[in-house]
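Asker: I need the structure of the sequence given here:
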Amino acid sequence: MGYCYTKFVTGVLMKEKIASFFKSTSARLLFFVVIVVLALIIGRGTCTPRNGIVLADYSVERDYKQVVDLFRRNLYWLDANPNPPIERIFTYLSSRGNPDNKNSLTVKVLRSGSDLVGFVSYYMKSPVLGFVLYLAVDEQFRGRRFSDRLMKQAIDDLVSRGAQHIKLITRPTNISAQMVYERLGFRELGRNSVYVYYEYRP
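Answerer: Below you'll find the predicted structure:
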């Protein structure tokens, strides 16, 4: 009886101490900060949905048609060749189409439900050189920095594979793309009438 009574009283006193602790403004603020930090830690990661936008590995079955459609609509900006082998690029050359080829093209997509937001494709040109081949975002999703997100994914992945520098090319008239690259730390190496050459060093 005495033990149970002591346990009960101790429990009541602890509840009162906790209640008085949370009555102070600094304690409530500390509690709020801890909750926010935990939420940020749990929610981190490139694959975490942001407003329903999800980063995923390219799937030939799911993404092929939409990626090729987006590519064709933006052909001028993506490739100087008026007839690039699009079908071959996004089937056999992609790592999902040819998983045994370790140096094959990696394609990542951003999706919003059934809609393709955009894609980036890249590969290791040598053991120390990464190359970003294509980057495109659907017209209805532009202006929301999805290009930055795709490029950061490409950079991080290439660096993790051993890239000591990463290169890409773009059109001189593609000012918005140049702004993305420069914002992420790429520097211009040179240009001509067809291309601007960029390099990134981690």
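Asker: what's in contact with stretch 186-193?
Answerer: Identification of contacts with stretch 186-193 by Cβ atoms under 8 Å, 6 or more residues apart in numbering yields 166, 167, 168, 172, 178, 182, 196, 197, 198, 199, 200. All C-beta atoms are positioned from the backbone trio N, CA, C, and that covers glycine.
Asker: pretty sure the fifth one sits against residue 184.
Answerer: By that I understand residue 178. No - the criterion here is Cβ atoms under 8 Å, and residue 178 misses it with residue 184 at 11.1 Å.
Asker: which one of those two has more residues nearby?
Answerer: residue 178 (18 against 15; other Cβ atoms under 10 Å).
Asker: the more buried one: what's it in contact with?
Answerer: Residue 178 makes contacts with 170, 188, 196, 198, as judged by Cβ under 8 Å, 6+ apart.
Asker: just the element for residue 188, please.
Answerer: strand 187-191 (DSSP states H and E).
Asker: following the lowest-mean-pLDDT helix or strand in the chain, which helix or strand comes up?
Answerer: Here the helix or strand of the chain ranked lowest by mean pLDDT, DSSP states H and E is helix 25-43, holding a mean of 47. Per DSSP H and E, helix 25-43 leads on to strand 53-57 as the next helix or strand towards the C-terminus.
Asker: so the helix or strand following that next one versus strand 53-57, what angle?
Answerer: Beyond strand 53-57 on the C-terminal side, the first helix or strand identified by DSSP H and E is helix 60-73. Orientation note: helix 60-73 sits at an angle of 110 degrees relative to strand 53-57 (axes from the mean of the first three to the mean of the last three Cα atoms, to 10 degrees).
Asker: which residues sit against helix 60-73?
Answerer: 58, 78, 86-87, 90-91, 94, 96-97, 107, 109, 111, 115-116, 118-119, 134, 136, 138-139.
Asker: packing partners of the very next helix or strand once past that helix?
Answerer: For helix 60-73, the following helix or strand on the C-terminal side (DSSP H and E) is helix 75-78. Contacts defined by 3 or more Cβ pairs under 8 Å, 6 or more residues apart in numbering; DSSP states H and E place helix 75-78 against strand 129-137.
Asker: strand partners (parallel or antiparallel) of the strand it packs on?
Answerer: strand 115-124 (antiparallel), strand 165-170 (parallel) (DSSP bridges).
Asker: which among those is found nearest to residue 150?
Answerer: With Cβ to Cβ, the closest approach to residue 150 among these belongs to strand 115-124: 3.9 Å.
Asker: buried residues, the closest one. List them.
Answerer: 116, 117, 118, 119, 120, 121, 122, 123, 124 (16 or more other Cβ atoms under 10 Å).
Asker: okay, domains of this structure per the record?
Answerer: Taking automatic domain parsing as the domain assignment, the ranges for the chain are 2-43, 53-200.
Asker: deepest-packed of these, please.
Answerer: Of the domains of the chain, the one with the most neighbours on average (mean count of other Cβ atoms under 10 Å) is domain 53-200, at a mean of 16.
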